[in-house]
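Student: Kindly generate the corresponding structure for this input.
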Amino acid sequence: MPFAKRISLAFLPAFTLCQGSANIMDNVAKAIVLGVKETGRHLNYNPVLIVELLIYAEDSSAFKTSVELTVPRVSVPKMGDKWLVKYNTTKKDEIEIL
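Tutor: Numbers count the residues shown, from 1 in each chain. Predicted coordinates:
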């Protein structure tokens, strides 16, 4: 499993900057939640989860990745949930949940 990135749903940045001011998170795609694993950690009583995603890219290819999320207990993602994400074309494990 690739290294999971830590993302908090409550504090997502509007965009990601790299090398000055170039925005590299420019590809919007659909993602489906394949699985959710608990890490056993909590942040402000909210669980930290590893969410495995299948992302359907614009070029009609699909790839799997995982992200580490801190989510409120009332909105824990479930298998089959559909999300919109932005991803980096050069490093496909870098995603931003919309």
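
Student: Helix or strand, whichever it is, which one in the chain has the lowest mean pLDDT?
Tutor: Least confident helix or strand, the chain: strand 17-18 with a mean of 38, by mean pLDDT, DSSP states H and E.

Student: Below-threshold pLDDT in this protein: ranges please.
Tutor: 1-25 (pLDDT under 70).

Student: can you pull out the strands in it?
Tutor: For the chain, the strands defined by DSSP state E cover 5-8, 17-18, 22-23, 27-43, 46-56, 62-70, 82-87, 95-97.

Student: Including distance to Val76 and mean neighbour count, could those go into CSV?
Tutor: Using the backbone N, CA and C atoms, a C-beta is placed for each residue, glycine as well. Shown next, in CSV, are the strands of the chain (distance: least, C-beta to C-beta, whole Å; neighbours: other C-beta atoms under 10 Å):
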stretch, distance to Val76, mean neighbour count
strand 5-8, 14, 14
strand 17-18, 30, 12
strand 22-23, 30, 10
strand 27-43, 7, 14
strand 46-56, 7, 18
strand 62-70, 9, 18
strand 82-87, 13, 16
strand 95-97, 14, 20
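
Student: and the closest residue to Leu34 other than its chain neighbours, what are its bridge partners?
Tutor: Among residues not flanking Leu34 along the chain, Glu52 sits closest, at 4.4 Å (C-beta to C-beta, 6 or more residues apart in numbering). With DSSP bridges as the criterion, Glu52 is bridged to Gly35, Ser66.

Student: ok, now which ones touch Glu52?
Tutor: Applying C-beta atoms under 8 Å, 6 or more residues apart in numbering to Glu52 gives the contacts 1, 33-37, 64-66.

Student: Out of those, which two sit at the greatest distance?
Tutor: Greatest spacing in the contacts of Glu52, by C-beta to C-beta: Met1 and Val33 (14.9 Å).

Student: Check what contacts stretch 27-46 and list those residues.
Tutor: 8, 47-58, 64, 68, 70-73, 76-89, 95, 98.

Student: Look up the closest residue to Ala62, ignoring the ones flanking it.
Tutor: Using C-beta to C-beta, 6+ apart, the closest residue to Ala62 is Tyr56 (5.1 Å).
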